[in-house]
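S.K.: Dropping a prediction and its sequence here:
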Amino acid sequence: MTYPLAYPRSVRLADFLTGDRAEVDRAREAASKDGYTLFNIACVLALLDSLEESLECLREARERGYYVQSELWSNTDLDPLRDMAGFKELTEH
């Protein structure tokens with residue numbers, strides 16, 4: 001499937017990764033210290049309905065230096081997490 005460039009990158013990734021969870025795991029292993037990549041993996045996981053794991057990646061991203069509170073609220077890929085207590089805890093700091 002081809003998406004316009006403005007379409008969220010993580011949505012394009014989720015389409016690519018659907019059915020191949022191993023790709024998520026490989027990306028996480030390859031960039032385990034990169035907060036930005038962990039944030040994008042969290043977006044993909046949220047779209048794939050792996051919500052607890054998505055929250056864990058967001059926590060790890062913050063620990064690795066990637067924390068942009070406005071991005072947490074504006075990125076629609078994270079919508080499935082919004083009502084979860086763990087997401088609210090992340091956005092309070």
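M.R.: That came through, no problem.

S.K.: Can you show me the strands along this protein?
M.R.: Using DSSP state E, the chain contains no strands.

S.K.: Low-confidence bits of the chain, can you list those?
M.R.: Across the chain, the ranges flagged by pLDDT under 70 are 1-20, 93.

S.K.: If we use 50, what do you get?
M.R.: The chain contains residues with pLDDT under 50 at 1-7.

S.K.: Could you pull up the residues touching residue 32?
M.R.: Shown in contact with residue 32 (C-beta atoms under 8 Å, 6 or more residues apart in numbering): residue 38. C-beta here means a position set from N, CA and C on the backbone, and glycine is covered the same way.

S.K.: Can you give me the distance of it to residue 57?
M.R.: Note on residue 32: its distance to residue 57, by C-beta to C-beta, to the nearest Å, is 10 Å.

S.K.: shared neighbours of these two, anything?
M.R.: Common neighbours of residue 32 and residue 57 (C-beta under 8 Å, 6+ apart) are residue 38.
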